[in-house]
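Colleague: take a look and give me a structure for this.
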Amino acid sequence: MKKKMQYFVFAQIVIVALMLLIYKELTLTSYINMSFLVGGTLVFIGLLIYIVSNGFFDIFTMSMRKVFTFRKNLVDTDSMRAPSELLDFPTLPFFQIGGSVLVIMFITLFFYYFV
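Modeller: The predicted model follows:
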């Protein structure tokens with residue numbers, strides 16, 4: 001829990017730094033925009049890792065290796081690892097941190113429109 005809170009605080013620092021770099025001001029609108037980009041990127045990376053690690057691209061990758069190699073090197077393609085074996089780390093932290101950043105973004109969006 002403490003580690004995830006540190007990642008969340010780091011994501012907020014990244015959001016503020018990007019706001020200052022891109023917009024050169026600290027406004028609610030720029031925070032909403034940057035938090036959407038950072039949170040969406042984290043959730044997208046989590047989804048991408050989840051899809052690849054579950055073996056969705058394994059058959060495609062193996063067949064492309066067999067199609068684009070010469071017959072004498074065909075034995076080498078069988079010994080290559082599949083993409084799902086390469087990406088073997090948890091995706092839940094990406095979803096949790098990205099989701100929490102997006103929840104904060106929706107809360108600030110609510111304040112922007114209704115308060």
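Colleague: isn't residue 101 right up against residue 14?
Modeller: No - contact criterion C-beta atoms under 8 Å: residue 101 and residue 14 do not qualify, at 9.6 Å. Heads up, the C-betas are built off the backbone N, CA and C, glycines and all.
Colleague: the more surrounded of the two?
Modeller: The residue with more neighbours, out of residue 101 and residue 14, is residue 101; 25 against 14, by other C-beta atoms under 10 Å.
Colleague: ok, that one to residue 30 distance?
Modeller: According to C-beta to C-beta, to the nearest Å, residue 101 and residue 30 sit 15 Å apart.
Colleague: cool, and residue 42?
Modeller: Separation of residue 42 from residue 30 (C-beta to C-beta): 19 Å.
Colleague: between those two, which is the more surrounded one?
Modeller: Neighbours were counted for residue 42 and for residue 30 using other C-beta under 10 Å; residue 42 has more, 22 against 18.
Colleague: check contacts around the nearest residue to the more buried one once chain neighbours are set aside.
Modeller: In space, and not counting its chain neighbours, residue 42 is closest to residue 98: 3.0 Å by C-beta to C-beta, 6 or more residues apart in numbering. Residue 98 is in contact with 38-46, counting by C-beta atoms under 8 Å, 6 or more residues apart in numbering.
Colleague: give me the subset of these that lies in helices.
Modeller: The members of the contacts of residue 98 that map onto helices under DSSP state H are 38-46.
Colleague: can you add pLDDT and distance to residue 94 and give the residues you listed back as TSV?
Modeller: Shown next, in TSV, are the ones in helices among the contacts of residue 98 (pLDDT from 0 to 100; distance: C-beta to C-beta, whole Å):
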residue	pLDDT	distance to residue 94
38	97	12
39	97	10
40	97	11
41	97	10
42	97	5
43	97	7
44	98	9
45	96	6
46	95	3
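Colleague: now the buried members of the residues you listed.
Modeller: Using 16 or more other C-beta atoms under 10 Å as the burial test, the ones in helices among the contacts of residue 98 include 38-39, 42-43, 46 as buried.
Colleague: by mean pLDDT, flag the weakest helix or strand of this protein.
Modeller: Using mean pLDDT, DSSP states H and E, helix 74-79 stands out as the lowest-scoring helix or strand of the chain, at a mean of 69.
Colleague: that concludes my questions; thank you for your assistance.
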